Structure formats: C-alpha cells, structure tokens
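*Asks:* Curious how this folds, go ahead:
(4 chains)
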There are 2 protein chains.
Amino acid sequence: MIDETPTFRLVDVAQRAGVSLATASRALSESDGVSKERAEHVRSVALEMGYVANAHARSLAGGAGSTVGLIVHEISDPYFTEIASGVLRIATQRARTVQISQSGRTAEGELIQIRALRTHRVGAIILAGSGRTDALDEKSVARELSAFQAAGGRVAVIGRHHLSADAVLPDNVAAGRTIASHLLGLGHRRMAVLAGPAGLHTVVDRLAGIRAAFNDSGLPEEQLAVMHTEFTREGGVTGAAQILKAHPEVTAIIAINDVMAIGTLSTLRQRGVSVPEDMSVAGFDDITVAADVGPSLTTVRIPMARMGEFAMEMVLTKQAARPRRKKTGHELVVRGSTGPPPHEHTE
Amino acid sequence: MIDETPTFRLVDVAQRAGVSLATASRALSESDGVSKERAEHVRSVALEMGYVANAHARSLAGGAGSTVGLIVHEISDPYFTEIASGVLRIATQRARTVQISQSGRTAEGELIQIRALRTHRVGAIILAGSGRTDALDEKSVARELSAFQAAGGRVAVIGRHHLSADAVLPDNVAAGRTIASHLLGLGHRRMAVLAGPAGLHTVVDRLAGIRAAFNDSGLPEEQLAVMHTEFTREGGVTGAAQILKAHPEVTAIIAINDVMAIGTLSTLRQRGVSVPEDMSVAGFDDITVAADVGPSLTTVRIPMARMGEFAMEMVLTKQAARPRRKKTGHELVVRGSTGPPPHEHTE
DNA sequence: TTGAAAGCGCTAACAC
DNA sequence: GTGTTAGCGCTTTCAA
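*Replies:* Sure thing, here's the model as predicted:
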C-alpha cells in the first residue's frame, strides 16, 4: 500500500524554497532573523507542499512543546467536562493539541499524571480541580510542578490557591455566602450542608462561606448540620437519606456541588418529599443540566468553561514575573428547587 | 532553581546497570535478544532510578508512539463525554496517554485533527461519532486515515460502518425499531421524530428503524412527521416548538438523541404541555442525566462508555488481517416521559 | 547475546 | 541575514 500523502521533512521544504535548513526552520517557527520576503516565501512553499512539522523532532531538538496537558479529576464529572470544553475550544482555535488525563481525585494520581506529561515533554500543564488540605500531598504535587517549571514548562492551575503558578480562582467562599443568604432570606432557619470530602479546599471554602452567612444572621451553629460524603451523584443520594434520618427538622439542603444536589433530588423524589414545598435544595456550579432536572435546580453559577479558556490562554502567554491570578465571579441562579420553608404546624 | 527530580537518560541507566545503550534499550522495550537475567537487572535499575523514557526521542527513533488520539465532535456533548470517559479509563489502566481533539462536527474539522494527530505521530487514532452520508466528505477522511494506517498507525472508529478500520458499532437501526415499537405498543398513532442533521448516518439509521417499526404496524407514512434540526439541546427546543405548531395531532415525540429530548421537554414544560399525559417523549443514548430530568426520560440505552473502552482495547491490540467489528447492543429504558396517548375527545 | 554506530527531523549555537 | 553543524535521546541495523 502506498502512502498517498508522503511525509515531507523540513529539508524538503528548504530545498524546494531554495534556502538552508536553518532559514526554513526560522521562517516556519516565526522567529526573527529572516527577511520578511524570504520567510513569506518559505511559508507559502511549505503550505503548498502540505508540510507538517514532526512534533517529536521539534521537541527533541529543544523547541517548545506545542501540546498542553490537562489533568482533571474525572472527565465525566460535568464540572470538569465544561472546563475541558473551554480548554479545547481555545486549543482548536490556537492550533494546540491537548492531552487529557484523569487523576481519579487522588494526589498520587495527580503525581503519576504530571510525570507522564513530563515524559511527553508537554509545553504546559493545566491542573484542574480542588487542592487538598493535606499539606504533605500538596507538597509533593508542588514539587513535581516546580521541577516541570524549572525545565521551562508553563503551568496554570484552576481552583487552587496554594501553588506557585498562574491560577484561575473561583471565589468559593463568596459563592457559599451567596447561596446561604438566599436560603436564609427565604426564611429557612435549619439547614443541612451535604459536603464532599473534608480534605478538599473547594469543600472547605464553600462551607466557610455558608457558615459565615449563617453566623452573620445570628443563628446558632447547631442549626446548620454538615455531612461529608462522596463528591458524586451517589454521594448526594446516600447523604440526603442520612440527613433525612438524622435531622428531620431541616428545611433546606445545600449540596456542595450540583451533581450531589441532583443525587439529593433523586432521594427526595423517591421518599415523596416534595421540593421546594417540603424541602428546598440548592447546589453549586450551574452545570448544564441544572436547568433541566426536576425541579430545576437553584444554584450558584461558576463559569467553568470560561475558567478553562482563561487557563489555556495563560499557559499560552509568557510566564510573568510573579504568578498571575485570575479571579472569576459567581452568580446566583434561582430556579424551582428553592422556596420558603413549610409553615409551622399550627395547633 | 534546582530541578529536584533530575531527568535520567537511557545512557545513565545503561551505565549504572553496566550494559550498553543498546542492551538497555532492548531490556526496557521488552524486545528479545537479551538474556533474562540481564533484562531483569536493567529494569530494576531503571525503576530504582525513577527513569522515564523520553517519548519524543523514542518516537523519533522509530519506536511505536504510545499516545492515542481521540477525535470527538464536541467533548461537552454527553454522548462523547461518556465515550471519552471509557477511553481514558482504559488508558489510565494501560499507561497510555490520550490526546483529545474536537472536530466540531464537520468533515473539515476531522481532517484537520487527524493531520494534527499525525504530526504528533500518535500510535493510534480513535475516531468517534457518526459518519456523514456525503460520500465526498467521507472519502477524504478515509484517505487521511489510510495514509496513517499505511505508516503503521492503528485506527478504530466508533459508530461508522463505511471505513476500513476496526469499528465499534451500536445498532442504531434496531434501537430505532425498539423505541418506536414501545410507543406504538402504548397506543400512539401519530408521532413526530425530531431528527438531527439529515447528513449523519446515525440520524439516518435511527430514523430508518423508526420508519420500519411504523410501517410494520400498517400505519400510513403521513402519520409520522419528521423534522430536522441541530443535534443539540437548542435543536430540541426549537424543533419541538415547530412540531407543536405544524403537527398538533401528534401524541408522541421521538428525539433522535437524549440531548434533543431534553430540549423538547423544556419546550413542552414552558408551553404547559404535560408529559406524558398530553405528550410522550423519548430519546436515544441514555446519557447519565436522563434519569434525573423532569420527567425522567424514556430512552434506548447505548453503552457509550463501553464503546470507548472497546475502541481503546482494539487499538492496543495488533491489527488483525481484516477489520474487526464489535457490535454493541441496546436496551429499552422505560421511565416517566412515555405513557398512553390522551383519550380522544368524546363529544 | 551483546556492543558500536548510524540516523530519526528538528532547533540553536556558532560562523560567515 | 543566512548557512553550517552539533546535538536532543532513543531504536535499530550491522558487526563481533
């Protein structure tokens, strides 16, 4: 079988354009030191020949890697799906390819994936997803990332404060405040928080915001129940059941993300608890389906896709003197799952 | 700043193990021509040193590329998210990295992405998503893929019949039959299909199955309205509105995928059409959220994640003499969005 | 079975 | 501004 699209090398282009290998290289990588006309000419010849550079040779020779590594906890989690979507959008636009790997939500997984990306000599790494409160875990990730940066790699993190790298940061504390205030404003006085693992900064921060709003309203701490389960739909399902049992007085459940909120809705529906009449439910993130679940979910919008885009744009830009931090806002989205608490029984 | 995890090269390993570069290379790539003990020894030394091969050098020198390219239409479309999830699951397990790129649902986009993957000399390409009925478009994709295969690359496609490569094939025709039969069995006699672009094989096949079931039941073609819109939630929203207007007699809408069905539900909810009392709605795929929308969606399950896993396993296996085809089944999932048609008006 | 040496295609010093 | 050349780290002939 004949390869119908023969693979031209840079020498072929140089030869055809009547210039040296070096000049051709310079022309194609847009580095200066070539006269404008010559550069233009080489580029047109290359285009016409259908020349595509060999990324491996380029990277081996010390050129900047053109691929970007994206590490997510789990691609099928909508939070990460939307971040990935933003990253890929910019990548397509700027002719970059991206390697996506899953860490499985563990520090060890992250370490493994960062190493793999280093093996592949990617030019940049975007690390998405909450950092951990465990200092040791974070230290080892930080070390690996520093080594990568020391070797010239660009790094951007999404949703992590404690790393010396460019960062895109959703304001989780304020978001927590916002959603709690909404519920408080509706008249709820006894609420429960369905939180993910206590070792994640995202969880801690959102919880802190909720607590702050709660305290500001002068309510005693005991009226805010907190339950930690998995950061998944299933975690929402089981967590809600536990809350129903342990805290029957609760009139509102705040799930720490939409996926858990959806699990919560499922449990409530199954138990015949009507939302929002008997129980209000709220989440965080505003994932795409939040508007379509039954009832539609009240939540705080975190602009995941934009965050992915920002992170990608950051790593495509030269490293600044000091790490940049891009804060993103949040927005309360009131839908059908929250309402005033049920009336007290009048005897 | 000091790189705390120095990057060892193969020479370093060879030296430390007291063997030649060539021997070390052979030992690590498990190719034969090395005595068992020596190979074992080299490997243990490499492990202990934390040696990781430079993927670029390896690939440049002619070694097989260890990364797999996955091309999807759009990563945030749940159909592809789940396929990607399956692919990544196996990748993590087998220590492969995967580059994900989006084609944006056009043949041109696919071409561009295949070329980019070829530039990066990936070892295999998984092309996911429906093929087009336009022979010209498919021809150019086929040509690009053949060239890649000719150069030793492995290829697997998901949901495409007409390409000479290993394929994972959902039975869309049968799935269409299944869902239509379900509705017919419920007593519906006038239905509408909310189809995606007519140029996609998936659409054509599912539609064919629906038509077949419809014809088998002896109903006249005119009682099955077909409307083509975008393959998105938005397409479902607008398509449903058009159907309501143009075909008020319809008692059931089959959307050609779940995402469109969800858009349809949204329009119906907004118009005050209750589901399934006034209108039944069904979809295809059984994406994760199908169970959580309101009302929960009746659909035909297509095992997307498994399909991704199969495809990945295929490209990790040696090319067979003839292209392999793995057919996957489907399963009717009856939920709350379908029911008997409303009673005729009794005057 | 093992080793020496020739590239793979490109970039970046270094000369001119 | 342009060309020459020495590698980048690995696999793979080819000899021994």
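*Asks:* Just to check, A:Gly263 is in contact with A:Glu230?
*Replies:* No. Using CB atoms under 8 Å, A:Gly263 is not in contact with A:Glu230, being 9.2 Å away. Heads up, the C-betas are built off the backbone N, CA and C, glycines and all.
*Asks:* can you give me the helices in the stretch 101-250 of chain A?
*Replies:* A:107-119, A:135-150, A:172-186, A:201-216, A:233-246 (DSSP state H, counting those that start in this stretch).
*Asks:* looking at those helices, which is closest to B:Ala27?
*Replies:* helix A:107-119 (18.0 Å; CB to CB).
*Asks:* lowest average confidence, helix or strand, in chain A?
*Replies:* Lowest on mean pLDDT, DSSP states H and E among the helices and strands of chain A sits helix A:55-60, with a mean of 85.
*Asks:* Could you export that helix as PDB, CA atoms only?
*Replies:* This file holds the C-alpha atoms of helix A:55-60, laid out as PDB (Å, rounded to 0.1, in the frame of the first residue of the first chain):
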ATOM      1  CA  ALA A  55       6.300  17.500  16.800                       C
ATOM      2  CA  HIS A  56       8.700  14.900  18.300                       C
ATOM      3  CA  ALA A  57      11.800  16.100  16.400                       C
ATOM      4  CA  ARG A  58      10.900  19.600  17.200                       C
ATOM      5  CA  SER A  59      10.600  19.000  20.900                       C
ATOM      6  CA  LEU A  60      13.600  16.700  21.000                       C
END
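*Asks:* Contacts made by that helix with the rest, please.
*Replies:* For helix A:55-60, contacts defined as CB atoms under 8 Å, 6 or more residues apart in numbering or on different chains pick out A:65-67, A:121, B:54-57, B:59-60, B:119-121.
*Asks:* Same check on stretch A:210-224?
*Replies:* A:173, A:176-181, A:184, A:189-193, A:254.
*Asks:* How about stretch A:41-50?
*Replies:* Residues from elsewhere that reach stretch A:41-50 (CB under 8 Å, 6+ apart): A:5, A:8, A:12-14, A:16-17, A:19, A:23-24, A:27-28, A:34.
*Asks:* Would you mind listing what in chain A touches DNA strand C?
*Replies:* A:7, A:9-11, A:21-22, A:25, A:28-29, A:31, A:53-54, A:57-58, A:60-64 (CB under 7 Å from any atom of the strand).
*Asks:* Now the buried members of those.
*Replies:* Neighbour counting by 16 or more other CB atoms under 10 Å in any protein chain shown classes A:10, A:25, A:28, A:53-54, A:57-58, A:60, A:63 among these as buried.
*Asks:* now for these, which pair is the farthest apart?
*Replies:* That would be A:Leu28 and A:Leu60, which, of those, are the farthest apart (CB to CB) at 16.5 Å.
*Asks:* What about the residue lying closest to A:Thr288 once chain neighbours are set aside, how many residues nearby?
*Replies:* Excluding its sequence neighbours, the residue lying closest to A:Thr288 (CB to CB, 6 or more residues apart in numbering or on different chains) is A:Pro78, at 6.5 Å. Neighbour count for A:Pro78, taken as other CB atoms under 10 Å in any protein chain shown: 24.
*Asks:* any idea how far A:Pro78 lies from B:Leu60?
*Replies:* To B:Leu60, A:Pro78 is 39 Å away according to CB to CB, to the nearest Å.
*Asks:* Show me which residues of the stretch 1-150 of chain A sit near DNA strand D.
*Replies:* A:19-23, A:26, A:32-35, A:38, A:57, A:60-62.
*Asks:* Let me see the contact set for the residue lying closest to A:Arg324 once chain neighbours are set aside.
*Replies:* In this structure, A:Arg324 finds its nearest non-sequential neighbour in A:Asp166, 4.7 Å apart by CB to CB, 6+ apart. Residues in contact with A:Asp166, defined by CB under 8 Å, 6+ apart, are A:154-157, A:311, A:314-315, A:319-320, A:323-326.
*Asks:* got it, and A:Thr328?
*Replies:* A:168-171, A:302-303, A:306-307, A:310.
*Asks:* bridging residues for it?
*Replies:* With DSSP bridges applied, A:Thr328 shows beta-bridge pairing to A:Pro170.
*Asks:* contacting residues around stretch A:193-206?
*Replies:* A:130-134, A:159-162, A:172-173, A:175-176, A:207, A:210, A:224-231, A:235-236, A:239-240, A:243, A:253-257, A:260-261, A:264, A:284.
*Asks:* Span of it from start to end?
*Replies:* Stretch A:193-206 has an end-to-end distance of 10 Å (CA to CA, to the nearest Å).
*Asks:* Around the closest residue to A:Gly176 other than its chain neighbours, how many other residues sit close by?
*Replies:* Closest residue to A:Gly176 apart from its sequence neighbours, by CB to CB, 6+ apart: A:Gly209 at 2.3 Å. Counted by other CB under 10 Å, the residues lying close to A:Gly209 total 24.
*Asks:* Enumerate every residue touching the residue in the stretch 151-300 of chain A that chain B sits nearest to.
*Replies:* Of all residues in the stretch 151-300 of chain A, A:Gly294 sits closest to chain B, at 1.7 Å by CB to the nearest CB. Contacts for A:Gly294 (CB under 8 Å, 6+ apart) come out as A:265, A:269, B:292-296.
*Asks:* same question, A:Leu10
*Replies:* A:21, A:24-25, A:28, A:51, A:53.
*Asks:* that older thread, the contacts of stretch A:193-206, buried ones only, as a ChimeraX selection?
*Replies:* Taking 16+ other CB under 10 Å as the burial criterion, the selection of buried members of those in ChimeraX is written as:
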select /A:130,131,132,159,160,172,173,175,176,207,210,224,225,226,227,228,229,230,231,235,236,239,240,243,253,254,255,256,257,260,261,264,284
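*Asks:* Neighbours of A:Asp205, how many?
*Replies:* For A:Asp205, using other CB under 10 Å, the count is 22.
*Asks:* any idea how far it lies from DNA strand C?
*Replies:* 40 Å (CB to the nearest atom of the strand, to the nearest Å).
*Asks:* how about the CA coordinates for stretch A:317-325, as CSV?
*Replies:* Taking Å, rounded to 0.1, in the frame of the first residue of the first chain, the C-alpha atoms of stretch A:317-325 are listed here in CSV:
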residue,chain,number,x,y,z
THR,A,317,1.3,33.5,27.3
LYS,A,318,4.9,34.0,28.6
GLN,A,319,5.4,33.4,32.2
ALA,A,320,5.0,36.7,34.1
ALA,A,321,7.5,37.8,36.8
ARG,A,322,5.1,36.8,39.6
PRO,A,323,2.3,34.2,39.3
ARG,A,324,-0.9,35.7,37.9
ARG,A,325,-4.2,35.1,39.5
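*Asks:* which of the contacts of stretch A:210-224 tops the neighbour count?
*Replies:* Neighbour counts for the contacts of stretch A:210-224 peak at A:Ile254, which has 32 neighbours (criterion: other CB under 10 Å).
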